[in-house]
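K.L.:
fold the stuff below for me.
(one chain, ligands or ions: 1)
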Amino acid sequence: MRFSDKTVLVTGAGSGIGLAAARAFLAEGATVIATDLHVERLEAISAEGEGELVCRVSDAGNCEAIAELAGWIADEYGRLDVLVNNAGFAHMNNPEQVDEGEYDAQMAVLLKGPVFYVKHLAALLRESGNGSVVNISSASALISPQGYCPYGLAKAAIHKFTEDCVVQVPGVRHNTIMPGFIETAILLDAYGEEATAQIAGVAEAVVPARRMGKPEDIASAVLFLASDEASYINGTNLVVDGGMARLNTAVSTLAGEVQPVTQN
Ligand SMILES: NC(=O)c1ccc[n+]([C@@H]2O[C@H](COP(=O)([O-])OP(=O)(O)OC[C@H]3O[C@@H](n4cnc5c(N)ncnc54)[C@H](O)[C@@H]3O)[C@@H](O)[C@H]2O)c1
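P.N.:
Predicted coordinates for the structure are as follows:
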């Protein structure tokens, strides 16, 4: 088991990519601390696999909650091997319509959270010997589809933060994953059912992999970057998008035909 004797924190583990990552770590024997804002989502996670599952309601966009969680991990476990900064939701708009409240909420969970998790957990991660941070960014940080403000901006910034940490928080590995379109609740919330089905159709037609991504596609990349097999990989950005961001047609089709429901 690749993660036996390792302690892993996955934020936003109640759904989608975080849930798939938590399950994959459990299957590999880890002690998984799964956090989310929504208690009912955490309660629905079953403790499969060899590992130990511990669920905590915690707001990944609130510095006080982050400091409290970090203190609890130090007291309870005295170690942390992997931090997966995954929690998120998408406020999508164009720059001319963006709302200040949405902007602040988006930056809190996608950017402030990861910064303060690193602040409070870096020492524990370093002590573990091969501590690793995996930040979930987005392929939207590479491209500029309609209506991705301020989401794409926050995702681009977390990429820069990751690079800074490589130099400024040594003794811990820091890597980023940029998922493409992955079948999770975040898309349904941002686009609605009809447009999400449209995105799936476009993905099947034009994305080089000929399908949308699954949460497990991202979870396996998270596990690799967090594992000892990746112990010399530091500052890498792994794009896991079936080739979408390399294909101008797919990008312009998705950007032109499908609009987020949060647009004014
Ligand atoms: N699905 C995609 O197409 C896609 C693409 C690129 C990047 N991402 C990123 O992947 C990550 C996971 O998203 P997902 O697709 O699995 O969506 P999801 O909605 O299925 O899961 C996100 C989880 O984060 C939790 N969450 C939201 N705000 C939180 C907060 N303040 N504190 C704690 N938990 C919170 C939600 O309750 C939810 O359980 C996000 O950072 C998202 O931006 C997703």
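K.L.:
who in the stretch 1-150 of the chain is up against the ligand?
P.N.:
11-12, 14-18, 35-38, 41, 59-61, 86-89, 109, 136, 138 (Cβ under 6 Å from any ligand atom). No exception for glycine: its C-beta is placed from N, CA and C like everyone else's.
K.L.:
out of those residues, which are buried?
P.N.:
11-12, 14-18, 35-37, 41, 59-61, 86-89, 109, 136, 138 (16 or more other Cβ atoms under 10 Å).
K.L.:
among those, which are located in helices?
P.N.:
Judged by DSSP state H, helices contain the following of those: 16-18, 41.
K.L.:
and the residues you listed, which is closest to V172?
P.N.:
Closest approach to V172 among those (Cβ to Cβ): G18, at 20.3 Å.
K.L.:
that older thread, biggest separation within the ones in helices among the buried ones among the residues of the stretch 1-150 of the chain next to the ligand, which pair?
P.N.:
Distance extremes for these: the farthest pair is I17 and R41 at 13.1 Å, using Cβ to Cβ.
K.L.:
where do the contact lists of these two overlap?
P.N.:
Taking Cβ atoms under 8 Å, 6 or more residues apart in numbering as the contact rule, I17 and R41 have no neighbour in common.
K.L.:
now, among the ones in helices among the buried ones among the residues of the stretch 1-150 of the chain next to the ligand, which is nearest to E229?
P.N.:
Nearest to E229 out of those is I17 (Cβ to Cβ; 20.5 Å).
K.L.:
D5: neighbouring residues, count only.
P.N.:
10 (other Cβ atoms under 10 Å).
K.L.:
do the same with G101
P.N.:
Neighbours around G101, by other Cβ under 10 Å: 8.
K.L.:
tell me which other helices or strands the helix or strand where it lies touches.
P.N.:
Secondary structure assigned from DSSP states H and E places G101 in helix 100-107. For helix 100-107, the packing partners by 3 or more Cβ pairs under 8 Å, 6 or more residues apart in numbering; DSSP states H and E come out as strand 149-150, helix 151-168.
K.L.:
could you identify which of these is most buried?
P.N.:
Among these, ranked by average contacts under mean count of other Cβ atoms under 10 Å, first place goes to strand 149-150 (a mean of 22).
K.L.:
sheet-wise, list the partners of that strand with their directions.
P.N.:
strand 92-93 (antiparallel) (DSSP bridges).
K.L.:
average pLDDT across the partner strand?
P.N.:
Average pLDDT, strand 92-93: 89.
K.L.:
now it: how far from the chain's centre is it?
P.N.:
19 Å (Cα atoms, centre = their mean, to the nearest Å).
K.L.:
I45 sits in which helix or strand?
P.N.:
Counting by DSSP H and E, no helix or strand carries I45.
K.L.:
quick one: it from K6, how far?
P.N.:
19 Å (Cβ to Cβ, to the nearest Å).
K.L.:
which one's more surrounded, these two?
P.N.:
Under the neighbour definition other Cβ under 10 Å, I45 and K6 were set side by side, and K6 has more, 25 against 20.
K.L.:
what about the residue nearest to that one when sequence neighbours are not counted, how many neighbours?
P.N.:
The shortest distance from K6 to any non-neighbouring residue, by Cβ to Cβ, 6 or more residues apart in numbering, is to D81 (4.1 Å). Neighbour count for D81, taken as other Cβ under 10 Å: 24.
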